[in-house]
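S.K.: Build me a model from this:
(chains A and B, ligands or ions: 2)
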Amino acid sequence: MQDEITLYVENEAGERIAVPAPTDMGLSLMEVLKANEFDILATCGGMALCATCHVELVQAPELPEASDDELYMLENLPNLREGSRLSCQIKITPDLDGTVIRLMADH
Amino acid sequence: MSTISTDICIIGAGPVGLFAVFEAGLLKMKCHVVDALPQVGGQLSEIYPKKPIYDIPGYPMVLAGDLVQNLMQQIEPFHPTFTLGERVEEIEKLEDGSFKLITTDKTEITCKVVVIAGGLGSFEPRKPAIENLENFEGGKGVAYMVKDPEFFRDKRIVLAGGGDSALDWAIYLADVAKELTLVHRGTTFRGAPESAAKVSSLAEEGHMKLLLKSNVTQVHGNGQLESVTISPDGAEGYQVEADYFIPLFGLVPKLGPLENWGLELEKSAIVVNTVDYSTNIPGVYAIGDINTYPGKLKLILCGFHEAALMAQSAYSIVYPDKKFVLKYTTVNGVPTM
Ligand SMILES: Cc1cc2nc3c(=O)[nH]c(=O)nc-3n(C[C@H](O)[C@H](O)[C@H](O)COP(=O)(O)OP(=O)(O)OC[C@H]3O[C@@H](n4cnc5c(N)ncnc54)[C@H](O)[C@@H]3O)c2cc1C
Ligand code: FES
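M.R.: Ligands and ions are numbered 1, 2, ... in the order given. Below you'll find the model as predicted:
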């Protein structure tokens, strides 16, 4: 099994920054983004309570559906997009290799 | 505008700011507490009031909201005063060494000691990306909070959002407003089911308008809001007359004005001396989540400890001529003020 994948964070200029992510540590996408010092607050530490880890999935595989708690938070956001998710609710798995995201949280 | 004079002004009514009132009170120092939010409790009230907390000594489990209530009860004997719903914007050091603080609503507080217990910063409304929105802020038709519902009596109001506060205010304002429209991007409400049901029935009975799968996309007016454009999903927008537009999309913490007070900062936190949690400005302390030092843990417990040490140090500023001898509360009892 592949134990490291690459994710891409697309910035406003459309450039994609490669971010390596280990798959064997049970991390969430939020934790990987924070560890790589992207500008997200993640105030609640991954409890789907603050929405400060909001991302848009630009290119991604089919993911497990968002829980009701996550959907509730997302519905509250003014800048919701089709591919909006809370990055703390997404587990890093080998399937996510090549996923492209945009950071959407205000800070 | 009002003026308040006190020994210690505490910025932030989170758990740490509240407990600082207790520690200061034991040493006969009087506190005034300011918070940008309309209620006390900081993160505990704003983010997780119903969550159980397990690491408060003496409580195997306590709900965050209950902990805040208990802290309020614990500090009651010291009669602290509060300014809520206002953010501290400026700190000024006066010639005699005391401080003057000024809030967003121009409340002035003079004090001998400033204690910053600002947590993650002040909670600010999450704003929708609408052009020119800021031109209508500050009483010109766009509000992010309903402080006093009577203010909106007989006005035409457009609310936006799909969470509990949008639903709760829609229900309340349906009676008060001349015309009320709730605009929600989704098709369902995941807030309290009773509130969602009540909003649907108010809309069916014609007491308010409910527009689902829609967004407010523009605001119009000449110095004062006159109308907003509402765009249904994928369709052309249309203009609706409105005196007030109230987007309710929750709050995000922002460091805000704190950044400009000349304090030494490191990664958005205030650097302190762990002897007494003083900052680089004499007379200004920082406790709780807002400070940083080697080994810092962002826990309520740690903030409580910091509050106790801060109070011992602040005593020598508030009472420069008295020598303080530490006694336990069991010796003195809980004094009152
Ligand atoms: C989901 C979640 C779960 C948690 N669980 C636990 C737990 O189980 N145990 C634990 O110990 N900790 C827990 N924490 C951490 C804990 O909540 C914080 O450590 C604690 O709230 C810090 O308290 P505080 O008083 O320093 O700041 P806060 O609670 O953040 O309060 C700061 C207040 O200051 C106000 N403020 C800031 N700037 C200004 C200004 N310029 N003017 C006016 N007001 C201002 C803000 O509006 C805010 O109300 C949790 C945190 C989260 C998000
Ligand atoms: S970190 Fe708070 S919702 Fe994800």
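S.K.: Excluding residues flanking it in the chain, which one is nearest the closest residue to ligand 2 within the stretch 1-150 of chain B?
M.R.: Nearest residue of the stretch 1-150 of chain B to ligand 2 (C-beta to the nearest ligand atom) works out as residue B:47 at 8.5 Å. Every residue, glycine included, has its C-beta placed from N, CA and C. Nearest non-adjacent residue to residue B:47, counting by C-beta to C-beta, 6 or more residues apart in numbering or on different chains: residue A:49, 5.3 Å away.
S.K.: same question, residue A:61
M.R.: Counting by C-beta to C-beta, 6+ apart, the residue nearest residue A:61 is residue A:95, at 4.9 Å.
S.K.: ditto for residue B:313
M.R.: Using C-beta to C-beta, 6+ apart and skipping residues adjacent in sequence, the residue nearest residue B:313 is residue B:276, 3.4 Å away.
S.K.: For ligand 2, see how far away the one you found is.
M.R.: From residue B:276 across to ligand 2, the span is 33 Å (C-beta to the nearest ligand atom, to the nearest Å).
S.K.: what does residue B:301 give?
M.R.: Per C-beta to the nearest ligand atom, residue B:301 is found 22 Å from ligand 2.
S.K.: tally of neighbours for that residue?
M.R.: For residue B:301, the tally of surrounding residues (other C-beta atoms under 10 Å in any protein chain shown) stands at 14.
S.K.: Please settle this for me: is the residue nearest to residue A:61 part of a helix?
M.R.: Yes: Residue A:95 forms part of a helix when assessed by DSSP: H, G, I helix; E, B strand; the rest coil.
S.K.: who are the neighbours in contact with the residue lying closest to residue B:125 once chain neighbours are set aside?
M.R.: Leaving aside its sequence neighbours, residue B:125 sits nearest to residue B:144 (C-beta to C-beta, 6+ apart; 3.4 Å). Counting by C-beta atoms under 8 Å, 6 or more residues apart in numbering or on different chains, residue B:144 touches B:125, B:127, B:246, B:247, B:248.
S.K.: Centroid-nearest residue for the chain?
M.R.: As the question left the chain open, I've gone with chain A. Centroid-nearest residue in chain A: residue A:87, 3.0 Å away (criterion: C-alpha atoms, centre = their mean).
S.K.: should've been chain B
M.R.: Mean-position check on chain B, C-alpha atoms, centre = their mean. Result residue B:37 at 2.1 Å.
S.K.: Low-confidence regions, chain A specifically.
M.R.: Across chain A, the ranges flagged by pLDDT under 70 are A:1-2, A:107.
S.K.: how about stretch B:264-274: buried residues?
M.R.: By neighbour count with 16 or more other C-beta atoms under 10 Å in any protein chain shown, stretch B:264-274 contains the buried residues B:265, B:268, B:269, B:270, B:272.
S.K.: no wait, stretch B:190-208
M.R.: B:190, B:191, B:195, B:196, B:198, B:199, B:202, B:203, B:208.
S.K.: got a list of what residue B:13 touches?
M.R.: B:33, B:34, B:35, B:37, B:40, B:41, B:42, B:82, B:84.
S.K.: how about the residues of chain A near chain B?
M.R.: A:41, A:43-44, A:47, A:49-52, A:68, A:71-72, A:75-80, A:105-107 (C-beta under 8 Å from any C-beta of the partner chain).
S.K.: For the stretch 51-200 of chain B, which segments count as strands?
M.R.: B:52-53, B:62-63, B:81-84, B:88-93, B:99-103, B:108-116, B:122-125, B:156-160, B:179-183 (DSSP state E, counting those that start in this stretch).
S.K.: Checking the residue of chain A found nearest ligand 1 next. Helix, strand or coil?
M.R.: Closest contact between chain A and ligand 1, by C-beta to the nearest ligand atom, is at residue A:44 (3.9 Å). The local conformation at residue A:44, judged by three-state DSSP, is coil.
S.K.: which residues sit in contact with the residue nearest to residue B:270 when sequence neighbours are not counted?
M.R.: Excluding the flanking residues, the one nearest residue B:270 by C-beta to C-beta, 6+ apart is residue B:286, at 4.0 Å. The contact partners of residue B:286, taken as C-beta under 8 Å, 6+ apart, are B:115, B:116, B:117, B:118, B:263, B:270, B:272, B:277, B:279.
S.K.: one more time with 6 Å, if that's ok
M.R.: Residue B:286 makes contact with B:116, B:270, B:272, B:279, according to C-beta atoms under 6 Å, 6 or more residues apart in numbering or on different chains.
S.K.: Neighbours of the residue nearest to residue B:313, how many?
M.R.: For residue B:276, the neighbour count with other C-beta under 10 Å is 16.
S.K.: That one and residue B:311 touch, don't they?
M.R.: No: using C-beta atoms under 6 Å, residue B:276 is not in contact with residue B:311, being 9.2 Å away.
S.K.: if we can go back for a sec, which of the buried residues of stretch B:190-208 fall within helices?
M.R.: Per DSSP state H, helices hold the following members of these: B:195, B:196, B:198, B:199, B:202, B:203.
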